[in-house]
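1. dropping the sequence and predicted coords here.
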Amino acid sequence: MARSSPTLENLVTRVAARLMPADVASHRDAFYQVLQLLYEYFGVEGCYLRYHDHDLAAAVLVAEWPPQAHGAEPDTPGVLHFRDADPAIAESEYSKEPRVIREPAESITSIPLLWGEVTTGTLGLVAPGDRVWTDDELDSLRLIAALLAQVQARIRAEGDLRYAAYHDSLTGLASRRALLEHLDARLGRGNPGPVGVLFLDLDRLKALNDFLGHRAADTYLCRIGERLMQVNRPVDLVSRLGGDEFVVVLAGPATVADAVERAEEIQRVVGESVSLGGQLVGRGVSVGIALGEPGEISPVELIGRADQAMMVVKVQGGNSVGVFTDDMTQEGERRTLIELNLRTSIDDDHLVLEYQPEVDLRSGAILGVEALVRWNHPVLGTLQPAEFIDVAESTNLAGELGTWVISTACARLAAWKERIPGLDLTMGINVSPVQLVAAGFDESVASVLRRYGLRGAEVCLEITENVVVGDLRRTRATLSRLERLGVRIAIDDFGTGYSSLGHLKSLPVDTLKIDKGFVQNLHRSEGDRVIVNSIAGLANSFGLDLVAEGIEVEGAVPYLLELGCRRGQGFLLGRPKPPGEIEESVARGYVDLPWTTGRGRVFGVSRRTS
Ligand code: C2E
Ligand code: CA
Ligand code: CA
């Protein structure tokens with residue numbers, strides 16, 4: 001660069017001092033100050049800074065001095081499309097060198113902002129008459145344009161980063177961070193309240209991943225994101241926490257009634273089928289609602305409450321709406337009570353097993369029963385396994401509980417066999433992941449079988465897919481030893497877990513139990529039929545038996561039979577019952593199939609007529 005005069009150098013120094021600290025928040029002010037410096041130093045009529053948007057093929061006004069009201073002045077609109085502009089301006093689109101356009105009354109000098117090879121903008125100076133620039137002046141202007149281009153690039157990069165931090169990369173919805181900052185602002189003391197939060201969790205999304213592929217599941221999530229944006233007004237915040245969890249923060253003060261109404265609307269639109277590669281897929285959504293007063297609750301607590309309300313909905317079968325209640329705060333205390341009592345309950349006979357029949361869907365023959373544990377809690381009443389199994393697992397009691405279940409179920413089968421000659425029944429026993437990897441598990445099963453004189457094949461251990469992912473090597477070794485005892489192995493809740501199909505192949509598994517979530521709506525959900533269809537295909541190619549759980553309506557049965565699934569369990573065929581109540585059906589050997597009764601009983605399947 002040519003040696004510039006001290007005052008020009010001073011100008012550049014002052015411009016640099018303004019631009020160096022500029023960030024996303026302050027850069028516009030800095031630009032105005034720089035233009036003002038140029039305006040005063042060069043004594044021009046006006047200066048402006050435009051960015052070139054090459055997608056729009058337009059120069060977008062960023063700052064000008066003196067400030068003018070744009071839009072009111074058609075001569076210099078805020079967005080100047082190069083193709084409509086006069087040729088002199090149009091040429092600046094890609095220009096690399098300063099140019100002076102001379103008009104009768106004024107001259108316009110354009111200095112390109114260059115970033116690498118790209119012309120990213122224009123610094124313009126409008127001077128009266130014919131402005132002639134010295135080389136020093138032009139060099140200084142080039143330098144200033146370079147500084148402006150640098151700030152522009154930096155701001156853009158920061159903007160991209162900021163965008164990435166505040167947006168979910170898949171759906172473009174607000175990110176967890178954006179959600180927390182938004183709630184933090186809303187929940188500040190003195191703000192209008194209450195603030196309403198909806199926590200959404202899509203039911204059984206995992207199966208879409210497994211059976212239709214990641215791409216399909218991603219597309220599905222994006223569609224759901226779009227629908228959520230449509231149902232919720234633009235002022236509501238819609239965020240995705242990751243996976244299949246979304247959070248909506250309602251704008252303005254909310255009432256429970258508003259929130260429930262919105263949640264139901266969300267449930268309706270999310271439930272509508274999405275077309276994925278020609279398949280119509282619909283999922284339910286579980287929504288938890290919580291309201292919080294500004295100044296009284298933190299964002300994390302409020303989201304946690306909505307999450308807790310959602311979990312309650314999920315445990316009760318999903319696809320519904322629940323509101324957080326103060327009882328749920330007591331949930332923690334309840335859990336402590338459960339923890340404290342569980343150990344003694346195992347010893348004190350407070351645990352009981354109920355048995356649910358597994359049935360041949362064509363004949364009604366009872367092929368087996370599944371043992372399901374209940375806890376008659378001295379204070380809390382009858383507890384379902386969902387309320388205490390995970391407590392057992394997190395307090396190292398799973399082993400003791402499991403041992404009790406296995407020996408009690410086997411004792412029951414032995415007692416029935418003694419009373420019912422010729423009884424041929426498989427006892428299904430749920431095994432928790434913790435039990436399966438515990439040392440000596442297979443030996444303890446072997447010893448129970450010996451104690452009650454049972455063959456291995458009379459017992460079917462039900463494990464969840466997740467166990468398979470945990471410690472594959474150990475699981476495989478344990479399962480192989482159980483296989484040698486003749487014990488059958490079923491994968492429970494199939495379709496909801498995380499096992500890879502490759503793993504499945506390497507394990508000695510006999511049976512897949514299709515999760516009830518896919519069966520309950522089989523008669524009216526094409527998406528569920530697609531999934532059950534692929535599970536059936538999988539079972540077929542690996543030579544596995546199939547059992548459908550959760551048969552609640554007759555309508556599901558024809559589909560299951562058509563897919564080659566002949567075994568089923570569900571409320572329609574028989575609820576879990578205490579041993580005394582189910583013994584009669586066990587002795588008889590079959591249940592009445594609702595769709596054959598009245599048209600004549602299916603004969604020939606009864607083992608014993610009593
Ligand atoms: P699971 O092994 O999938 O058991 C089937 C569950 O579905 C049972 O719930 C049963 O009552 C319910 N069910 C059966 N038919 C239908 C139907 O048609 N519709 C609906 N909506 N539900 C149906 P339950 O007894 O509450 O057990 C829940 C879970 O707790 C079991 O799911 C199992 O994973 C676990 N569990 C039960 N007993 C034991 C046990 O002794 N040990 C371990 N580790 N887990 C157990
Ligand atoms: Ca089971
Ligand atoms: Ca199951």
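-> Here it is on my side, so go on. Ligands and ions are numbered 1, 2, ... in the order given.

2. show me the contact partners of the strand or helix carrying Glu354.
-> Using DSSP states H and E, Glu354 maps to strand 351-360. With C-beta atoms under 8 Å, 6 or more residues apart in numbering as the contact definition, strand 351-360 has outside contacts at 345, 365-376, 401, 404-405, 408-409, 412, 426, 428, 547, 566-569, 573-579, 582, 585-586, 590-591, 593, 605. Bear in mind the C-beta positions are built from the backbone N, C-alpha and C, glycine included.

3. could you list the domains of this structure?
-> The chain breaks down into these structural domains: 5-166, 176-328, 333-590 (assignment by automatic domain parsing).

4. buried ones in stretch 307-323?
-> Going by neighbour count (16 or more other C-beta atoms under 10 Å), the buried part of stretch 307-323 is 307-314, 318-323.

5. make JSON lines from the residues you listed and add pLDDT to it.
-> Shown next, in JSON lines, are those (pLDDT from 0 to 100):
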{"residue": "Asp307", "pLDDT": "89"}
{"residue": "Gln308", "pLDDT": "87"}
{"residue": "Ala309", "pLDDT": "90"}
{"residue": "Met310", "pLDDT": "90"}
{"residue": "Met311", "pLDDT": "83"}
{"residue": "Val312", "pLDDT": "82"}
{"residue": "Val313", "pLDDT": "85"}
{"residue": "Lys314", "pLDDT": "81"}
{"residue": "Gly318", "pLDDT": "82"}
{"residue": "Asn319", "pLDDT": "87"}
{"residue": "Ser320", "pLDDT": "91"}
{"residue": "Val321", "pLDDT": "95"}
{"residue": "Gly322", "pLDDT": "93"}
{"residue": "Val323", "pLDDT": "94"}
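
6. quick check: the farthest pair among those residues?
-> Farthest pair in the buried residues of stretch 307-323 (C-beta to C-beta) is Gln308 and Asn319. Separation: 17.7 Å.

7. flag every residue of the chain that's near ligand 1.
-> Where proximity means C-beta under 6 Å from any ligand atom, the interface of the chain facing ligand 1 comprises 317, 356, 372-373, 384-386, 389, 402, 405, 430-432, 462, 492-493, 516, 549-552, 569-571, 576.

8. just the buried members of the residues you listed?
-> Neighbour-count burial (16+ other C-beta under 10 Å) applied to those gives 356, 372-373, 389, 402, 405, 430-432, 462, 492-493, 516, 549-552, 569-570, 576.

9. quick one, helices of the stretch 1-150 of the chain?
-> 6-19, 27-42, 87-90, 135-166 (DSSP state H, counting those that start in this stretch).

10. wait, what's in contact with the closest residue to Gly225 other than its chain neighbours?
-> Excluding its sequence neighbours, the residue lying closest to Gly225 (C-beta to C-beta, 6 or more residues apart in numbering) is Thr171, at 3.4 Å. Residues counted as contacts of Thr171 (C-beta under 8 Å, 6+ apart) are 221-222, 224-226, 240.

11. before we move on, back to that, mind listing what's buried along the following helix or strand past the strand holding Glu354?
-> Next helix or strand after strand 351-360 toward the C-terminus (DSSP H and E): strand 366-377. For strand 366-377, the neighbour count (16+ other C-beta under 10 Å) marks 366-375, 377 as buried.

12. which other helices and strands contact strand 366-377?
-> helix 331-347, strand 351-360, strand 381-383, helix 385-394, helix 398-419, strand 426-430, helix 579-588 (3 or more C-beta pairs under 8 Å, 6 or more residues apart in numbering; DSSP states H and E).

13. Throw those into TSV and include distance to Val126, thanks.
-> As requested, the helices and strands packed on strand 366-377 are arranged in TSV below (distance: least, C-beta to C-beta, whole Å):
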stretch	distance to Val126
helix 331-347	70
strand 351-360	85
strand 381-383	81
helix 385-394	73
helix 398-419	80
strand 426-430	81
helix 579-588	93
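
14. including distance to Glu64 and mean pLDDT, could the ones you listed go into a markdown table?
-> As requested, the helices and strands packed on strand 366-377 are arranged in a markdown table below (distance: least, C-beta to C-beta, whole Å; pLDDT from 0 to 100):
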| stretch | distance to Glu64 | mean pLDDT |
| --- | --- | --- |
| helix 331-347 | 61 | 73 |
| strand 351-360 | 77 | 97 |
| strand 381-383 | 72 | 86 |
| helix 385-394 | 64 | 82 |
| helix 398-419 | 71 | 95 |
| strand 426-430 | 73 | 98 |
| helix 579-588 | 85 | 96 |
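
15. gap between Met328 and Ala165?
-> 32 Å (C-beta to C-beta, to the nearest Å).

16. tell me which of these two has more neighbours.
-> Met328 (18 against 12; other C-beta atoms under 10 Å).

17. so that one makes contact with Ala306?
-> No - using C-beta atoms under 8 Å, Met328 is not in contact with Ala306, being 10.6 Å away.

18. so what's Leu198 closest to, chain neighbours aside?
-> Leu198's closest residue in space is Val248 (C-beta to C-beta, 6+ apart), at 4.3 Å.

19. element containing Glu181?
-> helix 176-186.

20. can you list the buried residues in that helix?
-> 176, 178-183, 186.

21. surely Leu449 touches Leu485?
-> Yes - at 6.7 Å, Leu449 counts as touching Leu485 under the criterion of C-beta under 8 Å.

22. now the common contact residues for the two.
-> The contact lists of Leu449 and Leu485 share Gly456, where a contact means C-beta under 8 Å, 6+ apart.

23. which one of the two is surrounded by more residues?
-> Leu449 (20 against 16).

24. ok, so what distance separates Ala306 from Ala259?
-> For Ala306, the distance to Ala259 - C-beta to C-beta - is 10 Å.
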